[in-house]
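>>> return a 3D structure for these sequence lines:
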Amino acid sequence: MTIQIGERKIGPGHPTFIIAEISGNHNQGFERAVEIIKAAHEAGADAIKLQTYTADTITIDSDKPPFRVGAGDKPELWQGKTLHQLYSKAYTPWEWQPKLKKVAEDLGMILFSTPFDDTAVDFLEKMDVLCYKVASFECTDMWLLKKIAKTKKPIIMSRGMASEEEIKEAISTLRENGAGQIAVLHCVSAYPAKPEEMNLRTIPDLREKFGVVSGLSDHTLGTEVAVAAVALGASIIEKHVTLDRAAGGIDDSFSLEPAELKQLVSSVRIVERALGEAHYGPASAREAEEKHWRRSLFVVKNMKKGEKFTSENVRSIRPADGLPTKFFDEIIGKVAAKDIESGTPLDWNLVG
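Residues are numbered from 1 along each chain as shown. This is a model prediction of the structure:
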């Protein structure tokens, strides 16, 4: 199972597709958003992801309890805010987005976005994005899924807290409405998520159970979990990125800085090379040369013609120039065909 975004093929057997999510870490500064894109490119990321909404398209301006963000383990900047206040600070101005797309594409990167309502899908269609992302909280919004699917473009969907039945319904809805290429990202909707909550074995299960490309949208701190996900078969990795975690961005606290993103990309590429395929025997000509240091049968004491081979004058030692050690019992009790010096690798022409 593979999907293709532009010229990039994504799936088992292809390089991991690494997405840098800007979210609200631009702090309402266009130039900062541009710098994040450039830093992500320098780090080796393949794609940039935006979010396309306004506070008014994603919620309403209400101070009632259901609209207020609680404390718990939420980032400090979120706590006590209404949803409208939070999204007013976090949204990416729509007039920036075509310009940011050009910046990314000029660097050879793919830029796409997560739409949060039908007007955002219409806007992104005018931008001619190559694919769409579905956020974890929107994967049960069937109206939105239908709207996105009808574009017939590749879709990457985060599953968040969705149950198996909800995932099945979402995928069916997408397919029934025109989506032919679907990837599903395992995701824990906590900010930050804890490693012990991740259950990364869900990644290969998603691929096998639903017949989709699978990957990880990772909200843990650091890079270790994402690297482990690739070892388990993730074809896509998405991480939030920022220039500086201390800069006060809405998602800065659980985002990677440029040096960390670069380390992630490097580690993922090493893991890809190391995974290879199921293989037995020497892995390379260099390793094949090391066979010389296996054990084999050697004469370890001077012997006269007709003298019997015993455990005293024949031993299994390194290197591998003599007969394989499996012939030891067969050799013992036979006689030397000629005089043999100590240190001679045993061969059948020496056995009488």
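>>> for the protein, which element, helix or strand, carries the lowest mean pLDDT?
Lowest on mean pLDDT, DSSP states H and E among the helices and strands of the chain sits helix 285-289, with a mean of 87.
>>> now that helix: buried residues?
Buried residues in helix 285-289, counted by 16 or more other CB atoms under 10 Å: none are found. For glycine as for every other residue, the C-beta is placed from the backbone atoms N, C-alpha and C.
>>> ok, now stretch 298-312?
Within stretch 298-312, the residues that qualify as buried are 298, 299, 300, 303, 309, counting by 16+ other CB under 10 Å.
>>> with stretch 210-221 instead?
210, 212, 213, 214, 215, 216, 217, 218, 219, 220, 221.
>>> mind checking which of the residues you listed are in helices?
residue 210 (DSSP state H).
>>> could you identify the most distant pair in the buried residues of stretch 210-221?
210 and 221 (28.6 Å; CB to CB).
>>> how is the protein partitioned into domains?
10-53+91-275, 285-350 (automatic domain parsing).
>>> about what we covered before: what is the nearest of the buried residues of stretch 210-221 to residue 16?
Among the buried residues of stretch 210-221, and counting by CB to CB, the member closest to residue 16 is residue 215, at 7.8 Å.
>>> nearest residue to the closest one other than its sequence neighbours?
Nearest non-adjacent residue to residue 215, counting by CB to CB, 6 or more residues apart in numbering: residue 236, 2.9 Å away.
>>> can you check residue 80 too?
Counting by CB to CB, 6+ apart, the nearest residue to residue 80 once its immediate chain neighbours are dropped is residue 69, at 6.8 Å.
>>> now do the least confident helix or strand of the chain: distance to the chain's middle.
31 Å (CA atoms, centre = their mean, to the nearest Å).
>>> state the mean pLDDT of the following helix or strand past that helix.
Scanning forward in sequence from helix 285-289 by DSSP states H and E, the next helix or strand is strand 296-299. For strand 296-299, the mean per-residue pLDDT is 98.
>>> send the alpha carbons of the following helix or strand past strand 296-299 over as CSV?
Using DSSP H and E, the helix or strand that follows strand 296-299 towards the C-terminus is strand 314-317. The C-alpha trace of strand 314-317 is given here as CSV (Å, rounded to 0.1, in the frame of the first residue of the first chain):
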residue,chain,number,x,y,z
VAL,A,314,43.6,-32.2,17.1
ARG,A,315,41.6,-29.2,18.4
SER,A,316,38.9,-26.8,17.3
ILE,A,317,40.5,-23.4,17.2
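>>> name the residues that touch strand 314-317?
295, 296, 297, 298, 299, 300, 325, 328, 331, 332, 346 (CB atoms under 8 Å, 6 or more residues apart in numbering).
>>> against residue 44, how distant is the first one?
When distances are taken as CB to CB, to the nearest Å, residue 295 and residue 44 turn out to be 45 Å apart.
>>> any idea how far residue 328 is from residue 216?
52 Å.
>>> err, residue 138, not the other one
Distance of residue 138 to residue 328, computed by CB to CB: 69 Å.
>>> what about the two, which has more around it?
residue 138 (21 against 16; other CB atoms under 10 Å).
>>> this protein: helices as residue ranges?
Using DSSP H, the helices of the chain run over residues 30-43, 55-58, 83-90, 97-106, 118-127, 142-149, 164-176, 202-210, 224-231, 258-275, 285-289, 328-331.
>>> quick one, grab the pLDDT at residue 210.
pLDDT recorded at residue 210 is 98.
>>> residues in contact with the closest residue to it other than its chain neighbours?
Among residues not flanking residue 210 along the chain, residue 171 sits closest, at 5.7 Å (CB to CB, 6+ apart). Each residue near residue 171 by CB under 8 Å, 6+ apart is listed here: 157, 182, 184, 210, 212.
>>> nearest to residue 254 among those residues?
Within these, the smallest distance to residue 254 is 20.6 Å, found for residue 157 (CB to CB).
>>> nearest residue to that closest one other than its sequence neighbours?
Closest to residue 157 by CB to CB, 6+ apart is residue 134, at 3.9 Å.
>>> so that neighbour makes contact with residue 114?
Yes - contact criterion CB atoms under 8 Å: residue 134 and residue 114 qualify, at 6.9 Å.
>>> more neighbours: the two, which one.
More neighbours surround residue 134 than the other of residue 134 and residue 114, with 26 against 23 (other CB under 10 Å).
>>> show me the buried residues of stretch 210-221 that map onto strands.
213, 214, 215, 216, 217, 218 (DSSP state E).
>>> columns distance to residue 284 on top of these, output as TSV?
Compiled in TSV, those are given as follows (distance: CB to CB, whole Å):
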residue	distance to residue 284
213	30
214	31
215	30
216	31
217	36
218	33
